[in-house]
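> Pasting the sequence and the predicted model now:
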Amino acid sequence: MTRLGALLAVLIPVFLATSGMAHEIRPAYLDMRETAPHEFAVVWKVPAQGDMRLGLYASLPKPCIEKAEPVRSIVNGAYLERRTVACAGGLRGGEIGINGLKSTMTEALVRIEYANGDTEVVRLMPDAPSFVAAGAQTSLEVAQTYFLLGADHILSGLDHLLFVLALMLLIRGRWMLVKTITAFTIAHSITLAGASLGYFSLPQKPVEATIALSIAFVANELIKTKPGERRLSESYPWVVAFAFGLLHGFGFAGALKEIGLPQSDVPMSLLTFNLGVEAGQLIFVAMALVLVRAANALIAMPPAPARQIGAYMIGTAAMLWLIPRIASLAA
């Protein structure tokens, strides 16, 4: 079997089977800032669809008492709840959890900023929906949390991965693969940093729709490939990767803003999140190549038909993402 045939036979069905899930798993976010001794301004953010929201509820330590009625709103696809609480004796040693998280596929990020400048960032999952506040964390612990968030985002962002897979089908030779992945990395790092730091921005919904279009573009290039003929995208796939990588960076930035980018330690959280994205991307490429070798002895498929089949499958998955994303623009 050819490398191309194995790659398609093993990976493409996975993307088609899960095509409706791209970027649908969004995290909840709990932000607590100490504004006075043992008093915290609380922002609770939950994914929402129209007027419907996920049934997730923040659970604070028992000594925490609300000082006023919470202010609730729905903004940009998220339910927001703002309140001020007084926690007698502080948060240290108190249990903070997310009720309802066990019955979902999402996660929650909890960030606490204390008056003395200490920060605590904890990622809660369905199998671990609560934690005991320590009062402080090391910079390494905070960095580790954002690194894992970045890695998980790219590995669960099926549209980004399908774009990388489509590029792999265009590439001939390991050196060209290295150049293409590097170009994609540099490009989305530029826009991720710029958008996260507020230098420029694009509306998230059009960005997500255009990301789906970028996949369809590469699929179209694959369909037009002919034996003995090299299109510009085949000869210089790193150019395509860089151009669309700039766009994908806005998608990563939107995800980082969605989970909460702490303004007090932006450089570290931004850097480690981006490193996590790159680690996840490299893991995906490595897994694809390993699966190719594993499947190589099982299935035989000529390269030309394999490329055409793969192109149509990739294009189908891209359109399954594109149609609802365009529909959401008019919603």
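Alright, I've got the coordinates.
> all contacts plus neighbour counts: C-alpha atoms, from now on.
OK.
> ok, which stretches of the chain are strands?
28-36, 39-49, 52-53, 57-59, 64-66, 71-75, 78-87, 95-99, 108-113, 119-124, 130-132 (DSSP state E).
> Determine which of those shows the lowest mean per-residue pLDDT.
Of all the strands of the chain, the minimum mean pLDDT falls on strand 52-53 (a mean of 82).
> neighbouring strands for it, and are they parallel or not?
The pairing partners recorded for strand 52-53 under DSSP bridges are strand 39-49 (antiparallel).
> Name the surrounding residues that touch the strand it pairs with.
Under the contact criterion C-alpha atoms under 8 Å, 6 or more residues apart in numbering, strand 39-49 has outside partners 26-35, 53-54, 56, 58, 74, 77-87, 90.
> mind giving me the domain split of this protein?
Annotated domains of the chain cover 3-23+157-329, 28-138 [automatic domain parsing].
> so for the longest one, what's the average pLDDT?
Put plainly, it is domain 3-23+157-329. Computed over domain 3-23+157-329, the mean pLDDT rounds to 77.
> picking that back up, if any of the contacts of strand 39-49 are buried, put those into a PyMOL selection.
Burial among these is assessed by 16 or more other C-alpha atoms under 10 Å; the matching PyMOL selection reads:
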select buried, resi 26+27+28+29+30+31+32+33+34+54+56+58+74+78+79+80+81+82+83+84+85+86+87+90
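> mind listing what the nearest residue in space to Gly97 that is not next to it in sequence touches?
Ranked by C-alpha to C-alpha, 6 or more residues apart in numbering and with sequence neighbours excluded, the top spatial neighbour of Gly97 is Ser130, at 3.8 Å. Contacts of Ser130 were listed using C-alpha under 8 Å, 6+ apart, and they are Glu95, Ile96, Gly97, Ile98, Leu124.
> Now render the strands of the chain as TSV, adding distance to Tyr146.
Putting those into TSV (distance: least, C-alpha to C-alpha, whole Å) gives the following:
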stretch	distance to Tyr146
strand 28-36	13
strand 39-49	18
strand 52-53	25
strand 57-59	21
strand 64-66	27
strand 71-75	24
strand 78-87	21
strand 95-99	19
strand 108-113	10
strand 119-124	9
strand 130-132	17
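> Noted, bye for now.
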